[in-house]
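A.B. asks: take this sequence and fold it.
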Amino acid sequence: MKNILCKNYEIHINDWSAFQQLYKKIAPSTTFILVDENTEKYCLLHVLEYIDDTVQIIRIPSGEQNKNLNTCQLVWTKLLQNGADRHSLIINLGGGVIGDLGGFCAATYMRGIKFIQMPTTLLSQVDASVGGKLGIDLLGFKNMVGLIKDPDGVFIFTDFLLTLPGDQMRSGYAELLKHGLIADKNVWESLSKNTAIESLNYENLVYESVLIKKNVTEQDPNEKGLRKILNFGHTIGHAVESYWMDSRTPLLHGEAIAIGLVSEAFLSYRIGKITENELFDIRSSILRLYGHHPKFVKPAEELIQIMSHDKKNLNGSIRFALLESVGQACYDVHIENGAIEESFLFYKEKI
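C.D. replies: Reported below is the predicted structural model:
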């Protein structure tokens, strides 16, 4: 069991007794658990063992394509119809979609009710569980509507990872790699050498990764400066993910971020921040873990158009978080469209 103390809440790893203690402290008037079809099947019964009260289950369909206002309306309606009041509690049991959308619904229902995040995927455990970002997608653009609000607690159980297929584990692993690249060179070098990522000790890896993100977000909770470094790989990655979301071959978040990490590492090299050897080490490590998928970095013009709506932009200028060096990052870097297209070409080059 490992615990991380944040400013307004605590993150507990593999600690059911801490969950019971917080639940009794909150003493909710009614309890709702938000699930999708996967967490209802594989995770819900484990949670119910530690709650003595009657709970009400709200189920939404899984998938990023459902992280929208229509699903929010479904959740708000279920809360209202089932007597949720300002003393109710929502437990968000699932991956990033459940955590982002469920937290957003809790933070806005009756101007805010209590909520607990219980992330069940590797991606959500090391990313969405920390920092209080909540939100939904709008018109195909990721996380366009939302707010920052801390949960009442975060409970991570790495046993839930045993229910995930390999592609979901790889998807989450991309965020661990990113945290190493932007904040800890030793973490990057250790993680990038792994091959059998399903068999690692995730209690320690999740703890280390969450600690990195926690230290960044607490210095800049509202993303006015330093917190922007967490977007390394995401400006291009989110554009790729958004463009292909409704296609026959959508990408998982981590698969798109892997493309973004390689492409934005190239931009870091192009502005003189990392060496050629470091660039090719990053490229070979990412492609070894995620494969090479050049078809996804086109059409360039439309991907750049999607990037033009990125929340980090300023006065119409696309701004990037890039590597200052391996293990350190910078932010608010303006990159011209021509250089962005060069980064696509670099990714598309044959191995």
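A.B. asks: did I read that right, Lys350 in a helix?
C.D. replies: No - with DSSP: H, G, I helix; E, B strand; the rest coil as the criterion, Lys350 is coil rather than part of a helix.
A.B. asks: tell me who's in contact with it.
C.D. replies: Lys350 sits next to His292 when contact means C-beta atoms under 8 Å, 6 or more residues apart in numbering. For the C-beta atoms, the positions are set from N, CA and C on the backbone; glycine is no exception.
A.B. asks: start the count at 444 instead of 1 going forward.
C.D. replies: Got it, the first residue is 444 from now on, which makes the last one we talked about Lys793.
A.B. asks: what pLDDT does the model give it?
C.D. replies: We note a pLDDT of 85 for Lys793 in this prediction.
A.B. asks: please apply the same query to Leu604.
C.D. replies: For Leu604, the model assigns a pLDDT of 96.
A.B. asks: just give me the neighbour total for His696.
C.D. replies: Residues lying near His696 (other C-beta atoms under 10 Å) number 26.
A.B. asks: list the contacts of Glu707.
C.D. replies: For Glu707, the residues meeting the contact criterion (C-beta under 8 Å, 6+ apart) are 675-676, 678-679, 763-766, 786.
A.B. asks: would you convert the residues you listed into TSV that also reports secondary structure?
C.D. replies: TSV is the format used below for the contacts of Glu707 (three-state DSSP):
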residue	secondary structure
Phe675	coil
Gly676	coil
Thr678	helix
Ile679	helix
Phe763	strand
Ala764	strand
Leu765	strand
Leu766	strand
Ser786	helix
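A.B. asks: ok, those vs Met750, which is closest?
C.D. replies: Minimum separation from Met750 among the contacts of Glu707 (C-beta to C-beta) is found for Thr678, which lies at 5.8 Å.
A.B. asks: do you know how far the closest one is from Lys671?
C.D. replies: As judged by C-beta to C-beta, to the nearest Å, Thr678 and Lys671 stand 10 Å apart.
A.B. asks: need the overlap of contacts for the two.
C.D. replies: The contact sets of Thr678 and Lys671 overlap at 755, 764 (C-beta under 8 Å, 6+ apart).
A.B. asks: neighbour count: those two, which is higher?
C.D. replies: Here Thr678 and Lys671 are compared on neighbour count by other C-beta under 10 Å; more neighbours surround Thr678, at 25 against 22.
A.B. asks: for Arg762, see how far away that one is.
C.D. replies: Relative to Arg762, and taking C-beta to C-beta, Thr678 is found at 8 Å.
A.B. asks: now for these two: what residues contact both?
C.D. replies: Between them, Thr678 and Arg762 share the neighbouring residues 753, 755, with contact defined by C-beta under 8 Å, 6+ apart.
A.B. asks: for Asn751, grab phi and psi.
C.D. replies: One thing to correct before we go on: residue 751 is Ser, not Asn. Backbone torsions for Ser751, taken as degrees, to the nearest 10, come to phi -70, psi -10.
A.B. asks: for it, which non-adjacent residue is spatially closest?
C.D. replies: In space, and not counting its chain neighbours, Ser751 is closest to Ile761: 6.3 Å by C-beta to C-beta, 6 or more residues apart in numbering.
A.B. asks: wait, Glu684 sits on Leu694?
C.D. replies: Yes - because the distance of 5.5 Å satisfies C-beta atoms under 8 Å, Glu684 is recorded as touching Leu694.
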